[in-house]
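Asks: Give me a model of this one.
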Amino acid sequence: MKRLKDINWNHLYSFYEVAKAQSLKKGAQATGTSPSTMSEQLKRLETKLGSKLFFREPKGLRLTSDGDLLFERCKVMFEEGSKLLEFFSEDVVGGYPVNVGIEEAISYDIAAEFCSQYWDMYTEYGTVNTLRQAESTILMENLSRGNIDWAISLQKPRRNSLDYAEIGSFEIHFCCSDDLYDKFIDKKDIIKNIPLAQSFWDKGLNREIDKYLRANDIVPKEKLFSDHPEFIKKLCQRGRCIMILPQNPLGDYEGLKSLTLESAVKLPLYAIWKRGDEGLISIKKLKELIKSKLSEIPSRYEDVELQIEVSEISDELLK
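Replies: Predicted coordinates for the structure are as follows:
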């Protein structure tokens, strides 16, 4: 029976670096060893595990099915190890991807822009993944459990273990077709008499909209619900319903008019992270982005060479 104490962890880490780089030479450079030493360590690991991990081909190494399985397990282990080192060191370790949970809400445009700028600030340390979160309660639970590294939500966290900061806000507009807009004297009557379309999944927004309508003495006669924004948009353009849109993309939808009431629905958007994670470079970069304005992100945001530089692409591959 194989036990953990029987595994040479240096050999396992060497395998991880070679598999990640898909290159014996680059893996050796990452670990500070020679390719011949690295090759010998991989052979010893294969002997210890009793499995062939690489196909050795003229063009280089290719993972076997067992190699693929081992690499997926090693990724989790060594990425967590990098985070562990950052907790106990002032040096930036990096080398791990960041998973960002985004609440499934109407605020996607702002959240996507924020995350894309975060990518540019974090890209030299790893990649950035985004995961859809059905609602804020699920998002907070995944954040607390460590399933995601930080999150974007319309709701402030209620848990003491979580910290947050506002990253922006946006106005919500009620929209209808041009024809409907022109037929009503009082625009409130459009919302009262034409079905109001809402989504099943954006429950937080639905609560805010209902509260806003009550405050303005507006009670829609009928509502319709759909998980498909394009379906709602088509109905709205044909005058069948009222739809809700954030302010930013209004110009993208032809044939729609914004219904101007006494005041607009304004919603804040929050970035949320675990209080104990402030030592990680992933959260340091997040807080750095929060302190800056979205329009004042470092000039690298427009740098088309950034990914080539960070990925260490050889000049031989470029025009």
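Asks: Assumed residue 171 was part of a helix.
Replies: No. Going by DSSP: H, G, I helix; E, B strand; the rest coil, the assignment for residue 171 is strand, not a helix.
Asks: On the pLDDT front, check it for me.
Replies: In the prediction, the pLDDT value recorded for residue 171 is 82.
Asks: and it, bridged to which residues?
Replies: When bridges are assigned using DSSP bridges, the partners listed for residue 171 are residue 266.
Asks: Kindly provide the distance from it to residue 290.
Replies: Distance of residue 171 to residue 290, given as Cβ to Cβ, to the nearest Å: 21 Å. The way it works is simple: take the backbone N, C-alpha and C, and place the C-beta from them, glycine included.
Asks: in the one helix or strand residue 204 maps to, what counts as buried?
Replies: Element membership of residue 204, judged by DSSP states H and E, is helix 203-215. Taking 16 or more other Cβ atoms under 10 Å as the basis for neighbour counts, the residues of helix 203-215 that come out buried are 203, 204, 205, 206, 208, 209, 212, 213.
Asks: Identify, from those, the entry nearest to residue 149.
Replies: residue 204 (21.8 Å; Cβ to Cβ).
Asks: what ranges do the strands span in the stretch 201-319 of the chain?
Replies: For the stretch 201-319 of the chain, applying DSSP state E, counting those that start in this stretch gives strands covering 223-225, 243-246, 256-259, 265-274.
Asks: Tell me which of those strands is the most buried.
Replies: Mean neighbour counts were compared across those using mean count of other Cβ atoms under 10 Å; the top stretch is strand 243-246, at a mean of 22.
Asks: Throw the strands of the stretch 201-319 of the chain into CSV and include distance to residue 102, thanks.
Replies: Putting the strands of the stretch 201-319 of the chain into CSV (distance: least, Cβ to Cβ, whole Å) gives the following:
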stretch, distance to residue 102
strand 223-225, 21
strand 243-246, 14
strand 256-259, 25
strand 265-274, 10
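Asks: Just want the angle from the helix holding residue 204 to strand 265-274.
Replies: Taking axes from the mean of the first three to the mean of the last three Cα atoms, to 10 degrees, helix 203-215 and strand 265-274 form an angle of 150 degrees between their directions.
Asks: Just list what helix 203-215 packs against, helices and strands only.
Replies: Other elements packing on helix 203-215 under the criterion 3 or more Cβ pairs under 8 Å, 6 or more residues apart in numbering; DSSP states H and E are strand 162-177, strand 196-198, strand 265-274.
Asks: which residues of the stretch 51-200 of the chain score low on pLDDT?
Replies: Along the stretch 51-200 of the chain, the model assigns pLDDT under 70 to residues 90-94, 107.
Asks: Kindly recompute the last result at 80.
Replies: Counting by pLDDT under 80, the stretch 51-200 of the chain contains low-confidence ranges at 58-60, 79-95, 105-110, 134.
Asks: where exactly do the helices run in the chain?
Replies: Counting by DSSP state H, the chain has these helices, from start to end: 9-21, 24-31, 35-49, 65-87, 108-122, 136-145, 178-183, 188-193, 203-215, 229-237, 281-291, 306-310.
Asks: mind checking which of those is nearest residue 166?
Replies: In terms of Cβ to Cβ, the element of those nearest to residue 166 is helix 281-291, at 8.3 Å.
Asks: residue nearest the centroid of the chain?
Replies: residue 130 (2.4 Å; Cα atoms, centre = their mean).
Asks: which non-adjacent residue is nearest it?
Replies: If you skip the residues right next to it in sequence, residue 130 has residue 100 as its closest partner in space, 5.0 Å away by Cβ to Cβ, 6 or more residues apart in numbering.
Asks: got it, and residue 7?
Replies: Among residues not flanking residue 7 along the chain, residue 48 sits closest, at 6.7 Å (Cβ to Cβ, 6+ apart).
Asks: Can you give me the neighbour number for the one you found?
Replies: In terms of burial, residue 48 registers 14 neighbours under the definition other Cβ atoms under 10 Å.
Asks: wouldn't it be in contact with residue 5 here?
Replies: No. With contacts counted by Cβ atoms under 8 Å, residue 48 stays clear of residue 5, the gap being 12.0 Å.
Asks: related to what we said a few turns ago, including distance to residue 96, could the helices and strands packed on helix 203-215 go into JSON lines?
Replies: As requested, these are exported to JSON lines (distance: least, Cβ to Cβ, whole Å):
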{"stretch": "strand 162-177", "distance to residue 96": "20"}
{"stretch": "strand 196-198", "distance to residue 96": "39"}
{"stretch": "strand 265-274", "distance to residue 96": "15"}
